[in-house]
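Provide a 3D model corresponding to the input given below.
(5 chains, ligands or ions: 5)
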Amino acid sequence: MYSGKNLWFRVFVRRFIAFLKFFKQDKFCMVGAIIYLIFIILYIFAPMIAPYNPHEMIKVDGKLLFNAPPSAEHWLGTTNMGRDIFSQLIYGVRPALVVGFSAAFFVMVVGTLVGLFSGYFQGKIDNFLMRVTDIAFGIPFEPFVIVLVAFLGASIWNIVLAMALLLWRDTARVIRSQVLTVRERNFVEAAKVSGASHLRIIFVQIAPNILPLSFLYGSLAVGWAILTEAAVSFLGFGDPTIVSWGYMLHDAYVSQALSRGAFHWFVPPGILIMLAVMAGFYIGRGSEEILYPRLKKH
Amino acid sequence: MALLEVKNLEIYYQTKRGTSKAVDDVSFELEQGKSIGIVGESGCGKSTLVKGIIRVMAKNGSINNGEVLFNGKDLTKISEQEIRSIRWKELSLIPQAAMDSLNPVYPVLDAFVEILTLKGNMKKKQAVERAKELFDMVGLDQKRLTYYPHEFSGGMKQRAVIALALALNPKLIIADEPVTALDVIVQDQVLKELTRLREQLGISLILITHDISVVAQTCESIAVMYAGKIVEKGLARNVLKNPTHPYTMGLANAFPNLKEPDKPLISIEGSPPDLVDPPTGCRFAERCPFKIAQCTQEEPKLVEVEVGHFSACHRLAEIDELREKSKEVSTWEKVMS
Amino acid sequence: MGKSNVIEVHDLKMHFPVRQNLFKRNSGDSLKAVDGVSFSIPKGQSLGIAGESGCGKTTTGKMLLQLYEPTGGTFHFNGEDVTHIKSKKDIKKFRKQAQLMFQNPFEALNPRFTIFRSLLEPLIIHGIGTKEERVTLVKEALERVNLHPAETYFEKYPHQMSGGQLQRVVLARALIIDPIFIVADEPVSMLDVSVRAGVLNLMKEVTKSMELTTVYISHDLSLIQYMCEQTAIMYLGKIVEIGNTREVLANPQHPYTQALISAVPVPDPDQKSEQVNISNHVPSPINLPPGCHFQNRCPYAEAICKQEGPELKETTDGHKVACHMVHDKNNLFKEKKIVTV
Amino acid sequence: LGGAKQETVTEEGEDPVVSEIDDPERVIRTLEILTRPQASSPDEFETANLILEGMQQLGLSAELDVMPWEQMSDIVWYDRDQWDITGWQMAARPERLDPDEFIYNLFHSKNIADGYNFVGYNNPEYDSIAEKQRVEIDKETRKQLVYEAQEIIANDVPYFFNVNATLNYVYNNKVFEESSIKEMAGLGIKNFWTYIHATPKGEQKDFILNSNDNIQAVNPLYISGSVDSWVTELVWDRLMRMGEDGLPKPWAAEKVEWVTDTEVKVTLHEGMKWHDGKPVTAEDVQYSFEVPLTDEVPMYKPFVENIEKIDVIDDLTLTFTLKAPYAAFETASLAKINLIPKHVWEPIIEDLKTKPENAESYQEEVPIGSGPFKFSNWKFSEELVLEADKGHFAAPKIDRWIVRIVPNMEASLGMIQNGEINFLATYLGDAQLLQQKVNETPSLTMVSSTDLGFRFFAPNLRRAPFDDVAFRRAIAAIIDRDLLVGAIWKGFAEPSDSIISSALDFWKNPDLNYPSGGVEEAKKILAEAGYEWDKNGKLLYPEGNTEQISK
Amino acid sequence: MIFTLWVIATILFFLFRLMPGNPLAAYIDPTFTKEQQDILLQQFGLDKPLWQQYFIYFGNLLQGQLGDSFFFKEPVLEIIWRVFPNTIYLMIISLLVAYTIGTLGGVLLAWKRGTKTETTGIVLTLLTRSAPQFWVGMVVLAIFSFHLNWFPSAGASTAGTVYNSELEKLFSLDFYHHLFLPGLTLSIYLLGLPLLLMRSNMMDVMGEAYVDMAHMRGLKDWRIMLKYAARNAALPVITAMAVGIGYAIGGNVVIETVFSWPGLGRLLVNAVTSSDYPLAQGAFILIAAIMVFMNFIADILYSLLDPRVVRR
Ligand SMILES: Nc1ncnc2c1ncn2[C@@H]1O[C@H](COP(=O)(O)OP(=O)(O)OP(=O)(O)O)[C@@H](O)[C@H]1O
Ligand SMILES: Nc1ncnc2c1ncn2[C@@H]1O[C@H](COP(=O)(O)OP(=O)(O)OP(=O)(O)O)[C@@H](O)[C@H]1O
Ligand SMILES: NC(=[NH2+])NCCC[C@H](N)C(=O)O
Ligand SMILES: [Mg+2]
Ligand SMILES: [Mg+2]
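Ligands and ions are numbered 1, 2, ... in the order given. Okay, the predicted model is just below:
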C-alpha cells in the first residue's frame, strides 16, 4: 500500500489541496483571489479584449476623436487625444500586475530571508540585520522612489527596484518576530538534536511555518507597488511609454478630466487600482491583524 | 437550604461543527462554609461549568437549560445588571489563568481600589487600607501593592488574586485550577492558605483541578466529571476510598503516590469523546474495561450508592468486584484493542 | 571513570550573560543557570532531576544534548570528552546517539509536517536507508510506540492527534535513529492524568528493552520515583542531593529535599501532609550571594552557611548531600520535621 | 510588457513604399525625439507623438525619449551633437517684441558653439542679413531685411514650426473695470500695463493672480524664472518700457533722444524716490548700467556691452555713448536694465567681489526699487505680496499685487471660478475647457491673444540626415499644423511658419513658402532628393550615403 | 539613532555621487561658467578623491551646511526651514486626528465584532487604504472646494494674510481653514492602520485573562472596554505610529502637491524635477531625520506607557 513513490506523490497532492483550501477558507480571501484571477485573465487576453491599441489616436474622417463621451463604440469614451479609454484600462492591467507581482516577489524574498536569518541566528547576525532594517525604516519611501527614479530614469522597473530596496523592511520585522516564536517551539530543538544543520532548520523546519505570513506580506506588497506606481506617475516621474492605471489617472489629471466632468475617464482607473490593492488586503484575510501583528520589539 | 444549588445545568457552545454540549445535565449543591472539588480530564467542562454559574461564558456559549440557585436566587434568570452586582460581592472567581488575570498596565493596587470603590462603596482611602489588610491576610508584603503584576512571581500573583477574591467578603469563591502552574512548595502553601482563610471566614469554595490529590487534601466533597457530565460525586473520602465509577477508579490508578512507591501506574487508554457528537449511552463506555451492551445503549443515571455518594454506572450492583479487578494492569490493557 | 558510564559530567556550568533590556548592553553580570553539577549515569540507567521552576533542570538537559556549550566543567559521553566539540562530524556523530523528548508534544512536532515527514527528517539528516527502507523504518518506529496500524498515522498532521499519541510519536522520532541516550524534559506534564501512565510505561519499557540511558526531568517527585533509579534534587543551579531514588525520597537529608517531599500532595484524604513553612522567597539567580544558596530559606542555617557553599558529599552509599549541617552536625536534625521560619 | 509598449501604428489606406532594395548600410538609424513628459507639457508630448506617427509612416524608425526639462536642456545645450530632434518653445517676453532677438540669436553662426543657435544652422547669407537688420535704424528698410531673413528660414527649415498658441488669460470682471485691463500684442493681458491700470470696482482692491512655478528670487540683477520677472518688473523701474503697442517708450526716463547713431540722451522723471525714501539720481542710473560690466552680474552683461560710456550731465540727465549703432538698443538695453539704488548695492557688490558667489545669489531681505510696487511679504512656496507705491509717478489703482503659487492646475481653474484669485495668469491646460468654464461663469472674462512666442521641434543640423534640406523639408511637410491647432490646441493657436509671430503684423512676412502637404508630399520631396525605400519599406539614404552614426 | 542617521546620510552621499552620469553633474549647475564651476568644485571639494569628499560632506553636514540650492541660490537649510513648519503641522495634526479616530474606531469595530457594522467598517477602512491619495485629494478638492466652495483650494493662508510669528499662525482660524482639506485627505489615508490594528489588538486583548477577570468582577462593559481592553490594545498602536510617520511623509509628498501646500514634500519633488540636487539631498536628509526621530520617540513612548518594558 505504501510504496515510497506513491507516498511522495500523495504528499504533493495533499499540499496542493491544502493550498486551495487556504483560499476557500475565508470569504474575503476568496474575493481577493477572484479579483486577481480576473486580472490575470485580462492580462493574458488583453489584446483580444481591448478593442483598440491603447496608444492609438483614433481618427474619424481624418479628424481626431477626442474627448468622446462613452458610447457603444467606445465604452468609456476617449481621452483628450482620442485614445480609447476602455482599451487603456484593459492594457493597464499588465503593468499593474508586472509591477505588483515583481515588487511583491522581491519584497517577499528579501524580507523573508532577512527575517528568517535575523530571527534564527540571534546575536551578531540578528543585531546586524536589525540595524539594517532600522536604517531601512529611517529612509522615507516615496522620496526615495522619486530620487531613484529621477536618477535612474522613469521606468516601472526602477519602482520595483526601489521597493525591493526598501519595503522588505516590515516583512522582515514581522517575519523575524514570528521566527522568534517559532524557533522557541520544541520541534526546532528536536531538529537540532536530530543533527539538522542551521540552514536545514531554517528552510525545512521554520520556513514552512512562516510562509503564509510572507505570502500575506507579498499580497500586500502587490497593492503597495501599484499604489506607488500611481503616485509616482502622478508626480510626473512615471514611465511615459507604458499605459498603466497610474499613467491614466495622471493623464486624466493633466488633461483636466475632473474639470471637464469626464468621470468615465477619471474614475475607472482609480477603481481598478483600489480593487487591485484591496484584493491584496483581502487575501491577507481582509485585515491587518497579520499586517502588523504586534510590532512588539523582541 | 444549600448556598448553591446547580440543577440540571446544560451549557452549549455553538461551533462551526455544531453544538458542543460542554456541560450536560449537571447538578450538585454546596452548603455554606463547605468546599467541593471538581475533577476531570482536560476539556470535560469544568471551567465551562463554573463560568456558567456566574454567566461569563464565551460569546458563543449559552445556558441551554437548568437552574443555578444561589441563596435561593436563580442566577440564570436574573438580569445582566443584577448578576453583575452579585459577581464578586457575593461570589468571586479565581480564574484558571490567574497568573495573567491582572491588568498589566496598572499597579496591583489599582484592581483593589477599583473593585472596592465601585462595588464596595468605599472611599479611595478606605480601599487602600482594605487592600493592605487583604495583602496581610494572604501573606503578602503590603509594599508590593504598588508593584505591577509582572513584578510579582507566580505564587505571589496567585495570592494577590486570592486576596482580590476576598475583597468584598464573598460567600462563595470559585477557584479554577488555582495552583496548576505553581511549584509544589508554593502550591502547597497557596492551598493551605486558601483552606485557612476559608475556614476562618466561613466561605464556601468550589475548587477545580484535575489533580485528585489536591482535592483529597483540600475539599470535603468531590465531583468527578467526564465529558460534560458528573459521573460520580460525594464526600471526598468516600469517593476516593471507595470509587463506584470505573472512570474514578481509572483516575485513581493513573495517579502516582509518593507514599506508595511500588504501586503500578495504569492509564485509561483512548481519549474523551467529541462533545459535538457524543456517543449514545454512557460516555465513558468506549474506554471502560467493564462495559456491557447496555452501556452503549442507555445512559446511566446518577444513583445514590451510599448517603450523599452518587454514581452513574450501569454495573453498580457488582461494583465491589469490579473495583478489585480495576487494580490489575491487564484489566485496562484489553480495552482499546 | 568507569567505562560503563554513558554520561559523566563534572562541575558542569552554564552561565548566561545578562542583557539589559532597553539599551542592550552587557552588564557583566551573569545568570548562573547551572553552577557546577556533577553526576554520572551508567549505561541503561536513568537519572531523575527534580527541583523547582528555574533551578536549571532544562539547562542541564540541554547541555547534555549539546544544545548549549557549557561555560565550565567537563562532559564525557561514552568515555569521550565532548565538552567543547566543534567539528561538524563530531557533532553529527553525537547527535545520532543522543535524543530528546519534550514537555509539550503539541509543539514538539512541526505543525506543517505530517507524522511521516516528521519521522523521516532524522533519517534524511543522517542519510539512513533508501527511500523505500525509510518507509519501513518509520513504520517500525511507530509500531514500537504502540501506534497500530502505523500507516493510519502517516499522513496525519499533529493537530489531528491527541496529546498522548503525539508524545508517542515524539518518542518514536527520538528512537528512530537508535540513540543510546535520551533526555526527557517533563514528557508528560502537558498530558492528561489518564493517559500519562501509558506514556510513562511505554518509556520505561522501551528504555529497558533498548538499554537506553535516560535523564528524566520533572518537578513531580512521584513521577521520578516511578521512573528513575537515581534522583538528583537541584536548587538554584546546584545539585543539593543525589542518590538512589528510593533512598533519597524515603530518607531525604537536605532541608530543601525534605520541604519538597512534604509538599507533595497525596491522593488520600486521610494522609494530609504537614504544613511546610519555609519562606517562598527564591533569590534571583543573578548575582547570588556567597554561601549556601538555600541559606535564606533554610530553618537550620547558621553562620557558616552564609560564608561558604557546602559541597556535595556522600553520606551513605551513593547518597550525596550538599549541606553543612548534615555533615557537620552529623544528622543533627534528621528526625526533626521542618516546621517554621 | 507586450501590448502596453509603444507600437508602430500603421494606418489603413496608406501603402508603405516598398522596393526590391536591400541595403542595410543605407537604412536611416532610429531617430530619437526628445520631449518633455506629458505632465509638464502635454502639447509637446502629444505633438511628438504625432510627428512620430508621421515619421513612421515615412518608413523611418523613430522613438520618443521622454525626460524632464532640465535633463533635456542639458543635452540640447551641452551635448550639442548628441541628439536628433527635440521639442522646444520660444516664450513671449516683452523684449522679444523686437525681432532682433529671434533673428540674430537663434540662427547667427556666431551662436553655434555655445549660443542660442543650438540646432547648428550655418548660412553666411543669412548671417549678413541678420547683422544688417541690427544696425538698420530705418524701420521700413529693416522690415525688408526681416522679411528676407524669414524667407530664408522658411526655405531652409532649421526648425519644424508647430504653432503660435494663444495666450489665454482670465480676469474677474466683477473686481476690475473692463477697460482697465490692457492687452498687448503678442503678450496678452497679463502685462505690466494691466497691473498699473487695473481699476478695482469695489471692496476688493487686491490683484490676486496665480503661478504654477515657485518664485526663485526677487533680484534686479538676476534673470531667473518667468514669475520672478513679473515681480522685478514691478518693483524696479526701467528707463523705458515696452508699450502696449509693442514699441519701447520712455518710462523712468521722461525723454529719450537719439543725438547721433551712437549717442542717446536720457532725461529722468522728476521726484522719483526709492522705496526706502531716498531720491533716484542720475548716478544711480549710471551705476545700474555699469554694474553688469563687473563680473558680479553676468546675466545682464550682454545688454550693456555695446555701451561705450555713460556721462552724467546733471541730477536728472545722462548720455549713453554706444560702440556701434544698434537698432534694438532701446528694447534690449534701456527697457531691460533694472534701475537699482547705488547706496544699497555698492557695498554688496564690493563684498561679493571677495567671494565666489555673484550678485545672482544675493537676496535682499527687503528688496528696494523705485517701481510702482513695493515689496511687502514673501511666504515661500505660497505667495508673494507687493504693495502699491502711491507716490509713484504712475501709481497703480490697486492696493496690493499678490501672486499665489499653485502648482495644481485644476486648483487654479477652481480658484478663478470661486474667487480665490481674480486673475488667472498661468494656465497650461486646455483652452477650450477654460473658455467653457468662463462662459458658465458670468463674473469671468477671458482674453485670448496670439503669442509672439512659438512652439517647434528642432532638428540637429549637425547630424545626418538633418544636414539635408530636403530631408528637413520632408519632415516639416508631414507635420499637419492644422491638425495640431485643431486636436492639440483645440483651436486656440495658429499654425506657425516663422520665428516671427503673426501677432507682430509689422514684422511678419505673410508670404512664406514653408513646406506642407502631409506624408504624400514628404515622400515626393524625398524621392526627388534621391531617397529610396527598401523591401521592408524602410527609408534609405540616397545612393552613396550610408548611416554614419551608430547608436 | 545617531548611528542610523549617519548611515542614511552616507547612503545618500553615495547615492547622489555614484549614480550613473557625471558624478559632478549632481553638484554643478550646468548654466554656470567654467570658473564658477571650478570655484564650486573646490568649495564642495569635488576636485578631491571620494573619501576626502566624504569627510568634507560630513564636516559640512555637522555644521548644518547642506550647500546652496541651484535653483534658489540660497543655503539649502534656510529654504527648508521656511516650509518645514508647515509640513510638520500638517503631518502631526493629521496623525493625531487619524490616530485618535482610528483608535476609537478600532474599539468600536471590535465591540461590534461579528456584526454587519464590523464588516462594513472593515471594507470601508480598506477602501481608504487602497485609494490613491492624490485621487482622493482631487475628489475632495473638487467637491468641497470647487463645487461647494466651503474650503480654499490652495495654500496655507488667505491671499495677503500676514502673520507676525508662527505662533500667531497656529492660533488663527484661517490657517485651519486651509489645513482642513489636506489634513482630511491625509487623515483618511492614515486612519486605516491604527483602526485595523486597534481592532485586531482589541480582539486579542479581549481574549486575555485579565479581561475575562474584569467581567467576572462584574465591572461595566464600557469600563472593561476602555480601561482593560483598549488601554492594553493601544500600546502596539503607539509603535505603529512610527510606521504611520512613514506613511504620513509619503502622503505629504503627494498631498502637498495636490493642495498646493507649502511644505517639504512638495519642495523635494520640485527640487528633484529641477535637478536641484543640494536641495533634494537636504530635504531628503531632513525627512529621514524626522522619521528616525519619530521612530525613536515612539520607542520611548512605548516604554513609558508599558510598565513591562524595563527602564534603567
Ligand atoms: N468558546 C468555546 N467554543 C467552543 N467550544 C468551547 C469553548 N470553550 C470551551 N469549549 C469546549 O468545551 C469543552 C469544555 O471546556 P472547558 O474549558 O470547560 O474544559 P475544562 O474541563 O475546564 O478543561 P481544562 O482542564 O483544560 O481547563 C472542551 O471540549 C472545549 O474544547
Ligand atoms: N538561554 C538562556 N539565556 C538566559 N537565561 C536562561 C536561558 N535559559 C534559561 N535561562 C535561565 O536559567 C535559569 C534556569 O532555567 P531552566 O530552564 O534550566 O530551569 P528549569 O529548571 O528547567 O525550570 P522549569 O521547571 O520552569 O522548566 C532560569 O532562571 C532561566 O531564566
Ligand atoms: N505611503 C505609502 N504609500 N507607503 C507604502 C509603503 C508602505 C510600507 N509599509 C512603508 O514602509 O511605509
Ligand atoms: Mg478549565
Ligand atoms: Mg524546564
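
is D:W258 in a helix, a strand, or coil?
The three-state assignment at D:W258 reads strand, by DSSP: H, G, I helix; E, B strand; the rest coil.

roughly how far apart are E:F13 and E:L268?
E:F13 sits 17 Å away from E:L268, going by C-beta to C-beta, to the nearest Å. Using the backbone N, CA and C atoms, a C-beta is placed for each residue, glycine as well.

same thing with B:R17?
Distance from B:R17 to E:L268, by C-beta to C-beta: 57 Å.

follow-up on the earlier one: who's more crowded, E:F13 and E:L268?
Legend: neighbour count by other C-beta atoms under 10 Å in any protein chain shown for E:F13 and E:L268, higher for E:L268 (31 against 18).

tell me which helix or strand the more buried one sits in.
Assigned by DSSP states H and E, E:L268 belongs to helix E:264-273.

does that helix reach chain A?
Yes: under the criterion of C-beta under 8 Å from any C-beta of the partner chain, chain A is reached by helix E:264-273 at E:G265, E:L268, E:V269, E:V272, E:T273.

so does that helix get close to chain D?
Yes: interface with chain D: helix E:264-273 contributes E:R266, E:L267, E:N270, E:T273 (C-beta under 8 Å from any C-beta).

OK, contacts around the third one?
Listed by C-beta atoms under 8 Å, 6 or more residues apart in numbering or on different chains, the contact partners of E:N270 are D:N214, D:P407, E:F71, E:D276.

does the residue of chain C positioned farthest from its centre belong to a helix, a strand or coil?
Residue distances from the centre of chain C (C-alpha atoms, centre = their mean) peak at C:E132, which lies 36.1 Å from the mean C-alpha position. When classified by three-state DSSP, C:E132 comes out as helix.

same check on E:I285?
Assignment for E:I285 (three-state DSSP): helix.

near it, how many other residues are there?
19.

is it correct that it is in contact with E:I11?
No: E:I285 is beyond contact range of E:I11, at 10.5 Å (criterion: C-beta atoms under 8 Å).

what comes up buried for stretch C:237-256?
Residues of stretch C:237-256 classed as buried by neighbour count (16 or more other C-beta atoms under 10 Å in any protein chain shown): C:237-245, C:247-249, C:252-256.

which ones among those residues are found in strands?
Counting by DSSP state E, the part of the buried residues of stretch C:237-256 found in strands is C:K238, C:I239, C:V240, C:E241, C:I242, C:G243, C:N244.

would TSV of the residues you listed with pLDDT and distance to A:S259 be doable?
Formatted as TSV, these follow (pLDDT from 0 to 100; distance: C-beta to C-beta, whole Å):
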residue	pLDDT	distance to A:S259
C:K238	90	83
C:I239	92	85
C:V240	91	87
C:E241	92	90
C:I242	93	89
C:G243	92	93
C:N244	92	95
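
for D:D276, state which of those is nearest.
Using C-beta to C-beta, C:K238 is the member of those that lies nearest D:D276, at 89.9 Å.

could you find the closest non-adjacent residue to that closest one?
Nearest residue to C:K238, sequence neighbours excluded (C-beta to C-beta, 6 or more residues apart in numbering or on different chains): C:D35, at 5.6 Å.

surely the one you found is in a strand?
Yes: the assignment for C:D35 (three-state DSSP) places it in a strand.

for it, give me the pLDDT.
Listed pLDDT for C:D35 reads 88.

and it, what is it in contact with?
C:K13, C:H15, C:G56, C:L236, C:G237, C:K238, C:L288.

please repeat the previous calculation with a cut-off of 6 Å.
Listed by C-beta atoms under 6 Å, 6 or more residues apart in numbering or on different chains, the contact partners of C:D35 are C:K13, C:G237, C:K238.

what about the first one, neighbour count?
For C:K13, the count of nearby residues is 19 (other C-beta under 10 Å).

what are the phi and psi angles of it?
Backbone torsions of C:K13, given as degrees, to the nearest 10, read phi -130, psi 150.

which residues does it bridge with?
Bridge pairing for C:K13 (DSSP bridges) gives the partners C:D35, C:G72.
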